[in-house]
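Q: Provided below for reference: sequence and predicted model.
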Amino acid sequence: MLPEIGQFLLVLALLLATALTVLPMLGYARNNETLMQTARPLSHVLFITTMASFVILVVLFVQQDFSVRYVAENSSLELPLRYRITAAWGAHEGSILMWVTVQALWIAAVAKFSRSLSLDQIARVLSVLGFIALGFVAFVLFASNPFETIFPVPLDGRDLNPLLQDFGMIMHPPLLYFGYVGLSVAFALSVAALIGGEINEQWIRWSRRWTNIAWAFLTMGIILGSWWAYYELGWGGWWFWDPVENASFLPWLAGTALIHVQAVSERKNAFRGWTVLLAIIAFSLCILGTFLVRSGSITSVHSFAADPFRGIFILVLLAIYSGGALTLYTFRANQLKSRDTINLNSRETLMLANSLIFITATFTVLLGTLFPMIFEAVGKKISVGAPYFGLMFFVLMIPMAVLLPLGSQLKWHRDDVMLAIKQLVPYLLITTVLAVIVWFLFKPLNMRAIAGIYGGLWVFTATVGQWFKHPARGSAGVIGMSVAHIGVAVFLFSMSMTEHKDTEKDILMQPGSTHQVAGYDFTFTGVDRVQQENYQAQQGHVEVRREGRLITTLNPQKRFYPKQQMPMTEAAIYAGWTKDIYVSLGEAVNKEGGWAVRIYIKPLIRWMWFGGILMLSGAIIALFSTRIKRQEDKQRDRVMEQQLKLS
Amino acid sequence: MTPTRKKRLILISLVVMGVGVATAIFLTAFKDNMMFFKSPTEVSQNDFPENRSFRLGGMVKEGSLQRIDNSLKIRFSVTDYGADVQVEYEGILPDLFREGQGVVTIGQMREDNVFAAEEVLAKHDENYMPPEVSNILQTEAQQ
Amino acid sequence: MKKIVITLIPLALFFGLVTLLFLNMGYHNEHVPSPLIGKSVPSFELPLLYEDKTMTEQDFIGEPWLLNVWGSWCPNCLYEHPVVTDLAQSGKLKVVGLNWKDEFSDADNWLKRLGNPYDVILVDYVGNTAIDFGVYGAPESFLIDANGIIVHKIVGELTPENVANEILPKLAQLQ
């Protein structure tokens, strides 16, 4: 009975999304207020409906209802309850249902927190969002239905992919979806603005907060994904430039450009077309990313069931949404003419430069990801190695790091560049002194490491110094910006250290033997067997000592999941303030109990993720900016007044 | 020339220079890191880039895996059932590396016709065969 | 007009991208028609799992049959097992198993636990016959007519849908 109810709710959601697409837009076209007012209640009901169907899916997992194909494929009698719940969004069908639910949640939130928009604006925005929801509900119903039943009912399920039985992977997809879907608000605003042929500061200010939240979620999702790859894949890497990773990184890059451009366009009547275009690009990259991950068009080490029909479906959605939006852009963008001229010597110019750097980075990563496809079309099989991405990214981040402090030094509207540069000289001196100290502590360092460390220190000292001198250093906007930029500095510094000062060793260890790696003594005391609910494991014991003193005993595991017939490497990590000690088991090599053991020393790796957390915290802090709040209140009063006058 | 014009000209030339440098770096980075995918049959016909890395994919030949005592050195053959290539690798193999399963290795061909692998990839899926590999096997089956 | 040309650039790039993605879908179609369809079954001589004798492709001439490639190590085989059982019990055609790269005791346990749906089970321990058939993963199934010609191939597990929509209609055409 439950699967049928879930299915029914989805059909209902499809109808509601259709109504939300059509009615408010019709109301806008005919200037019919009643029709436009349906937008908000429809949004709320849509959310309740999709949420209910998602809850039903979770219940089906908890009850172990193997008559549902999706449950049978991703759960089993032995699977612990916590993973049964999270399996609801572990695989494709459920994750798309979650996407739809999150989409509906954002739509409901937009409907609720949009009092500063006039009725015709919100009607258009919600209608566009409803149209996006419509496409994804249809995708769930017709191409990835999680409520599909099977007969005969299997006695036991196939179990959840062991890689997904883990906290990082449980939280990673929802966070990314919150980010992806959040960017749809800026997208919807752009489309709504293009339809109406007008956009104003209030409107951008309103959408900027949504972009900030979305960007924060996206950042968190990427951090978790990176962290998960680090400890779960057993290779000790934190970023592989794998197509699936790039798929989540592309919207982030475009989103970063968007945030900075919005900071200009919410203040002045400038960069209007660019803001609108960036919002369209950012959300389009979210759909493109989903396509790349789900269609199997690209070869990736992350495995996802590929299905050509699903691929085509997402491609059609991409063509409709992005193609539609860009068509509108082609014909309407010139109506959103920016009236204010931009003075070259101002922060605005630097913000523009920032967005250009980030959008170049976006296209570089996109090209690297898609190039194998272009070659495949002419019958050659190639792949683009990680060094390409690493180098390109490095090249693009140099001007970013160099210009960042100049951007925050310059005033809005008009300033004196030469004076600003002069004011930066003290920071440059401090940076150089610090960099020399770092050099003596950690030499030798190669060119790239030096550049990264210098860049990190430069951004750090300048940001801290500028914050102290800032007249409004107590305001949320300034604190948010400073925190985010310090995050950039922390990331650059620790990333350079992690990448260039790490030690990686694969060693053959006999029981009782001791090996020295980077000043630590590793003693292997042997391997024993461990039996868990749904896996067996061989657990190694490695004692780590420094100058004779025991620091920790690490217990890496080699697991075997019988249901999936799948071996898994579970690394053991000693997480320290200055470095991680990472040990994972390879395989038994000889009869005397010798094992291949992988030992990594990764300096400052946690700080790298912490830098990311600082960036997203900055975006969150900026939400509490009173300047924006005050102006929003004013705008709301204006809207209320107008509505009173009308009625 | 008015000062505004001059400034604009400077700005434009800076942007053009930036784009030029970026494109140049892009092209070199791309050229250096583009890796071809080759099958054992292609390699046996000497169709592979010399002195640079490429990807060699196929199946790990049954019974070909051998360990060199007291080291992490491993030798195995990659086959597409048309030809075999000897591969040598030192280090830890991925979880799903097995004889008779698909594999992709990255490395260079040595003078002695042994492929020195720096990286060995197997996908996290027991039925997985890289699409490139399955395509090769399909063409071999047709011949 | 000139302005529209500029704003048209993103749209044009986008359509180039979508075209590329669309074309690329074709290259990655997993349902590659087997080169063997319409051709005779590759010749083989294989031992049986439960009898001490060997069989060749000639022994199956005379009635249509389904060759189902499986192994106890293959999770998807577990999943298609009820479907195979149903098909075999329907008596519409002879279902022959090809036990691929499997240990006898594992295969035996598997069948004892789940039931043995197969008419006969051929054993391909080394995997050479599977290669001749172009098998690139288990499970895979081949529908073969009374003259030993391969009529249809299913890559991946048998499902009630592909049995009803592909296997049974093809079988009906044969009779």
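A: Happy to help now that I have it. Note that the structure is predicted; figures quoted are calculated from it, not measured.

Q: got any ranges where chain B has weak pLDDT?
A: Within chain B, the stretches falling below the threshold (pLDDT under 70) are B:1-4, B:123-143.

Q: tell me where it has strands.
A: Here chain B has its strands, by DSSP state E, at B:34-38, B:54-60, B:66-67, B:73-79, B:84-90, B:102-109, B:114-121.

Q: got the angle between the first one and strand B:84-90?
A: The one in question is strand B:34-38. Angle of strand B:34-38 versus strand B:84-90, following axes from the mean of the first three to the mean of the last three CA atoms, to 10 degrees, is 130 degrees.

Q: can strand B:34-38 be said to contact chain A?
A: Yes - for strand B:34-38, a contact with chain A is found by CB under 8 Å from any CB of the partner chain, at B:34-37. For every residue, glycine as well, the C-beta is placed using N, CA and C.

Q: may I ask which of these has the most neighbours?
A: Neighbour counts for these, by other CB atoms under 10 Å in any protein chain shown, peak at residue B:37, which reaches 24 neighbours.

Q: list the contacts for that one?
A: Neighbour list for residue B:37: A:381-383, B:54-55, B:57, B:104, B:132 [criterion: CB atoms under 8 Å, 6 or more residues apart in numbering or on different chains].

Q: how about these in a markdown table, adding distance to chain C and neighbour count?
A: Below are the contacts of residue B:37 laid out as a markdown table (distance: CB to the nearest CB, whole Å; neighbours: other CB atoms under 10 Å in any protein chain shown):
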| residue | distance to chain C | neighbour count |
| --- | --- | --- |
| A:381 | 10 | 19 |
| A:382 | 14 | 17 |
| A:383 | 14 | 23 |
| B:54 | 20 | 22 |
| B:55 | 17 | 21 |
| B:57 | 13 | 26 |
| B:104 | 15 | 23 |
| B:132 | 11 | 21 |
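
Q: can you list the domain ranges for chain B.
A: Following automatic domain parsing, chain B resolves into domains at B:1-34, B:37-142.

Q: can you tell which of those is closest to residue A:420?
A: Judged by CB to CB, the one of those that comes nearest to residue A:420 is domain B:1-34, at 15.7 Å.

Q: now find how far off-centre the closest one is within its chain.
A: From the chain centre to the centre of domain B:1-34 is a distance of 32 Å (CA atoms, centre = their mean, to the nearest Å).

Q: again, but for stretch C:44-54
A: With CA atoms, centre = their mean as the basis, stretch C:44-54 stands 21 Å off its chain's centre.

Q: what's the span of that stretch from first residue to last?
A: Taking CA to CA, to the nearest Å, the first and last residues of stretch C:44-54 lie 10 Å apart.

Q: who does residue B:73 form a beta bridge with?
A: residue B:90 (DSSP bridges).

Q: isn't it up against residue B:66?
A: No - counting by CB atoms under 8 Å, residue B:73 stays clear of residue B:66, with 9.4 Å between them.

Q: list the contacts of the nearest residue to residue C:148 once chain neighbours are set aside.
A: Spatially, and ignoring its direct neighbours in sequence, residue C:148 is nearest to residue C:41 (4.9 Å; CB to CB, 6 or more residues apart in numbering or on different chains). Residues in contact with residue C:41, defined by CB under 8 Å, 6+ apart, are C:57, C:60, C:142, C:144, C:148-150.

Q: of residue B:73 and residue B:66, who's got more company?
A: When residue B:73 and residue B:66 are compared for neighbours, residue B:73 comes out ahead with 14 against 11, by other CB under 10 Å.

Q: distance of that one relative to residue A:99?
A: Separation of residue B:73 from residue A:99 (CB to CB, to the nearest Å): 47 Å.

Q: next one: residue A:504
A: Residue A:504 sits 37 Å away from residue A:99, going by CB to CB.

Q: compare neighbour counts for these two and give me the winner.
A: Comparing residue A:504 with residue A:99 by other CB under 10 Å, the one with more neighbours is residue A:99, at 26 against 16.

Q: the more buried one falls within a strand, correct?
A: No - according to DSSP: H, G, I helix; E, B strand; the rest coil, the state of residue A:99 is helix, so it is not within a strand.

Q: before we move on, back to that, tell me the most buried of the strands of chain B?
A: Mean neighbour counts were compared across the strands of chain B using mean count of other CB atoms under 10 Å in any protein chain shown; the top stretch is strand B:54-60, at a mean of 25.

Q: residue 163: neighbour count?
A: Picking chain A for this. 19.

Q: hmm, no, I was thinking of chain C.
A: Neighbour tally, residue C:163, other CB under 10 Å: 21.

Q: local confidence estimate at the closest residue in space to it that isn't next to it in sequence?
A: Computed as CB to CB, 6+ apart, the closest residue to residue C:163 that is not its neighbour in sequence is residue C:87, at 5.8 Å. On the pLDDT scale, residue C:87 is placed at 90.

Q: residues contacting residue C:87?
A: Contacts of residue C:87 by CB under 8 Å, 6+ apart are C:66, C:93, C:95, C:117, C:158, C:163, C:167.

Q: now do the same contact list for residue C:121.
A: Residue C:121 sits next to C:48-50, C:96-99, C:107 when contact means CB under 8 Å, 6+ apart.

Q: and the contacts of stretch B:12-24?
A: By CB under 8 Å, 6+ apart, stretch B:12-24 touches A:360, A:395-396, A:399.

Q: equivalent analysis for stretch A:517-529, please.
A: Residues outside stretch A:517-529 that contact it (CB under 8 Å, 6+ apart) are A:503, A:505, A:507, A:509-516, A:536-546, A:548, A:551, A:581, A:583, A:585, A:588, A:593, A:595, A:597, A:599, A:601.

Q: do stretch A:407-426 as well
A: Taking CB under 8 Å, 6+ apart as the rule, stretch A:407-426 contacts A:267-268, A:343, A:345-348, A:350-351, A:353-354, A:405-406, A:462-463, A:465-466, A:481, A:485.
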